[in-house]
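Visitor: Can you look at this prediction? I've put the sequence above it.
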Number of protein chains: 2
Amino acid sequence: MYTDSGRPRSIWLRPERAGRGPAPGHDRARIAAAAVGLADGGGLDDVTMRRVAAAIGAGATALYRYVDDRDELLQLMADTALAELRFPPVTGDAHADLLALARELGTVCRRHPWLVDLLQARSPMTPRGVDYLEHALAAMQQVDAPGRAKLEAVALVTGLVAMVSRTELANGGSNGEREAAQAEYLRAVVENGEHPHLAGVVASSAPAGDGEDLLGRLLPRILSGLLTPGREPGAASRRESPRSR
Amino acid sequence: MYTDSGRPRSIWLRPERAGRGPAPGHDRARIAAAAVGLADGGGLDDVTMRRVAAAIGAGATALYRYVDDRDELLQLMADTALAELRFPPVTGDAHADLLALARELGTVCRRHPWLVDLLQARSPMTPRGVDYLEHALAAMQQVDAPGRAKLEAVALVTGLVAMVSRTELANGGSNGEREAAQAEYLRAVVENGEHPHLAGVVASSAPAGDGEDLLGRLLPRILSGLLTPGREPGAASRRESPRSR
DNA sequence: GATCTTCTGTGAACGGTGTTCGCTGTGCGA
DNA sequence: TCGCACAGCGAACACCGTTCACAGAAGATC
């Protein structure tokens, strides 16, 4: 049933325990938990095979009995974090339900900042990731839109959560050398005067509003644009300015 | 004028040539070009300090005279790639202009797949990145929306381009082991039957439509939701289903 | 119960990484 | 002309992911 009839490529289809030999001294859950602990403390860069192994009291290379790759370890971590999702009940209001789901994902991202990187690198098709997708689709059950559009909506919601979480963490977290450099350069660009629109926008906008609900403000607007079936907003926009071209 | 009155933290504020010593044998542009060439061939992982140095015929550690960090080298690369942007003229139709700009960014991303990673890791505040932002804001000059909303719109447009480019490259590029594993697991999940909504959507949607204009389909809808001033779509959605809660 | 087979954990090792540190020169400013 | 700041370089450091052969343990088979 597998594509080349060998052993499954996906870790999620590989049984954790093979029948024959001695019982493993560790398990995926413990390993993933240890890795999550390391990442929570110092980011994904602190998740090295040696350090994770040491954290569970194993030799440096024991992890390769449980995981083919460092990348598979990261998948385990993503799944472990997504397991913290408390799916809000489906009420029938697709927009509100998706917003609630997005907020849940946001809180998990706040707890595990590194999850943002894993979410954006590629949508993590882990068991809990699939559950998340299923829940989102269930929330949109009564929406009149093709399946493709719904999948795209989920991807966009997830991407938006990642984006918002990233800016939240950048504003709140101990601003590293990198942010300082960016701020320094941005200040210089604005003062230089060759970017009037940027200068105007930077001057006019309040400084980084803290407790403001970005998700609640952006997501409904995006969803309303995405999931409304008939209106064809692109055509309207094109009709508004017939002089162009 | 700098925050701690030392030497600028940002590479863009540091003069390429210091006055005193012998003339440098290389320059940022050549270094960045070499790095871009490596990344185009084999991804960002192929961009190591040693290899880039070798590509310009320099010793392994000579790069540190031009760049503080590997990360600064990546910034140089992002700027070099963004320099390929051919900004489409501003017509006055904000939606159309932003779509055209997004398409331009998309073609650059198609040429330099690694740029997607750099765009998503953090918005690259490089000179060309600032130009991009300025151009987008100019396209929205006549839009009646607060500056914050415009900045958010730009971020969303960029994020959408990154997302679309990623899926394009994943579909088109030589599918690695990773994609195979994901596909294998997804098939198993669908066959298993515990995720009916997902199964339905996967079954109903056509297989990966190739020449279909994702950007042109998604971006106008998103923008229409984002940039329309008065309508408060969130409230409308809440009013549509008063029975919930 | 004995044997066989498979699996587990390990330590050493390989090739590679980013980065630091002296060192030798070189060429501009004084 | 002199001095000094800077360019380039080689060696070195502390890691990294991953491979491999090998010890030993435990289920399967007889």
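Guide: Yep, it's here.
Visitor: Show me which residues of chain A are close to DNA strand C?
Guide: A:17-26, A:53, A:58-62, A:64-66 (Cβ under 7 Å from any atom of the strand). All C-beta spots, glycine's among them, are computed from the backbone N, C-alpha and C.
Visitor: Please flag which of those residues sit within helices.
Guide: Residues of the residues of chain A next to DNA strand C located in helices (DSSP state H): A:Ala53.
Visitor: what's the burial count for the closest residue to A:Arg7 other than its chain neighbours?
Guide: Distance criterion Cβ to Cβ, 6 or more residues apart in numbering or on different chains; nearest residue to A:Arg7, sequence neighbours excluded, is A:Arg14 at 6.9 Å. By the measure other Cβ atoms under 10 Å in any protein chain shown, the count of residues near A:Arg14 is 14.
Visitor: So for A:Arg14, what's the pLDDT?
Guide: Confidence at A:Arg14, expressed as pLDDT, is 92.
Visitor: what does A:Glu168 give?
Guide: pLDDT recorded at A:Glu168 is 91.
Visitor: Ok, the one 10 residues further on next?
Guide: At A:Arg178 the predicted local distance difference test score is 85.
Visitor: Ok, A:Pro220 next?
Guide: On the pLDDT scale, A:Pro220 gets 94.
Visitor: Any regions of chain A where pLDDT drops low?
Guide: Counting by pLDDT under 70, chain A contains low-confidence ranges at A:1-6, A:207-211, A:229-245.
Visitor: the helices in it, which residues?
Guide: For chain A, applying DSSP H gives helices covering A:28-42, A:49-55, A:70-82, A:94-111, A:114-121, A:127-139, A:147-172, A:177-192, A:196-204, A:214-227, A:233-240.
Visitor: can you put these in CSV and add mean neighbour count?
Guide: Formatted as CSV, those follow (neighbours: other Cβ atoms under 10 Å in any protein chain shown):
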stretch, mean neighbour count
helix A:28-42, 18
helix A:49-55, 17
helix A:70-82, 22
helix A:94-111, 20
helix A:114-121, 21
helix A:127-139, 21
helix A:147-172, 20
helix A:177-192, 16
helix A:196-204, 16
helix A:214-227, 21
helix A:233-240, 15
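Visitor: Quick check: residues of chain A near DNA strand D?
Guide: Going by Cβ under 7 Å from any atom of the strand, the residues of chain A near DNA strand D are A:19-23, A:47-51, A:60-61, A:64, A:69-71.
Visitor: change it to 6 Å
Guide: Within chain A, the positions adjacent to DNA strand D are A:19-23, A:48-51, A:60-61, A:64, A:69-70 by Cβ under 6 Å from any atom of the strand.
Visitor: list the contacts for the residue positioned nearest the centre of chain A?
Guide: Nearest to the geometric centre of chain A sits A:Leu119, at 3.3 Å (Cα atoms, centre = their mean). A:Leu119 makes contact with A:78, A:109, A:158, A:161-162, according to Cβ atoms under 8 Å, 6 or more residues apart in numbering or on different chains.
Visitor: Domains in chain A, by residue range?
Guide: Under the assignment automatic domain parsing, the domains of chain A span A:11-82, A:94-175+A:211-231.
Visitor: so how far is DNA strand D from the residue nearest to the centre of chain A?
Guide: According to Cβ to the nearest atom of the strand, to the nearest Å, A:Leu119 and DNA strand D sit 20 Å apart.
Visitor: if we can go back for a sec, select, from the contacts of A:Leu119, the two members most distant in space.
Guide: Comparing all pairs in the contacts of A:Leu119 by Cβ to Cβ, the longest separation belongs to A:Ala78 and A:Val161, at 13.9 Å.
Visitor: ok so, going back, would you list the residues of chain A next to DNA strand D in TSV and tack on distance to B:Leu115?
Guide: What follows is these, written out as TSV (distance: Cβ to Cβ, whole Å):
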residue	distance to B:Leu115
A:Gly19	47
A:Arg20	48
A:Gly21	47
A:Pro22	48
A:Ala23	48
A:Thr48	27
A:Met49	29
A:Arg50	32
A:Arg51	31
A:Ala60	35
A:Thr61	35
A:Tyr64	33
A:Asp69	25
A:Arg70	24
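Visitor: Can you list phi and psi of the residue nearest to A:Arg7 for me?
Guide: The phi/psi pair for A:Arg14 (degrees, to the nearest 10) reads phi -100, psi 130.
Visitor: burial of A:Gly25, as a residue count?
Guide: Neighbours of A:Gly25 using other Cβ under 10 Å come to 11.
Visitor: who are the neighbours in contact with it?
Guide: Per Cβ under 8 Å, 6+ apart, neighbours of A:Gly25: A:58, A:62.
Visitor: What's the nearest residue in chain A when you look at chain B?
Guide: Residue of chain A nearest chain B, by Cβ to the nearest Cβ: A:Gly225 (2.6 Å).
Visitor: and that residue, how far is that from B:Leu186?
Guide: 28 Å (Cβ to Cβ, to the nearest Å).
Visitor: Contacts only, for the residue nearest to A:Arg9 when sequence neighbours are not counted.
Guide: Nearest residue to A:Arg9, sequence neighbours excluded (Cβ to Cβ, 6+ apart): B:Ala181, at 3.9 Å. Each residue near B:Ala181 by Cβ under 8 Å, 6+ apart is listed here: A:8-11.
Visitor: which of the residues you listed are buried?
Guide: Taking 16 or more other Cβ atoms under 10 Å in any protein chain shown as the criterion, what is buried in the contacts of B:Ala181 is A:8-11.
Visitor: And those, which is closest to DNA strand D?
Guide: Proximity of the buried ones among the contacts of B:Ala181 to DNA strand D (Cβ to the nearest atom of the strand) peaks at A:Ile11, which lies at 12.9 Å.
Visitor: For the closest one, give me its contacts.
Guide: With Cβ under 8 Å, 6+ apart, A:Ile11 has these contacts: A:67-68, A:72, A:75-76, B:181.
Visitor: can you rerun that using 6 Å?
Guide: A:Glu72 (Cβ atoms under 6 Å, 6 or more residues apart in numbering or on different chains).
Visitor: Could you check how far it is from B:Glu212?
Guide: 32 Å.
Visitor: now swap in A:Gly176 and tell me
Guide: For A:Gly176 relative to B:Glu212 (Cβ to Cβ), the value is 41 Å.
Visitor: go on, A:Ala138?
Guide: 26 Å.
Visitor: quick one on the thing from earlier: going through the residues of chain A next to DNA strand D, which ones are buried?
Guide: A:Met49.
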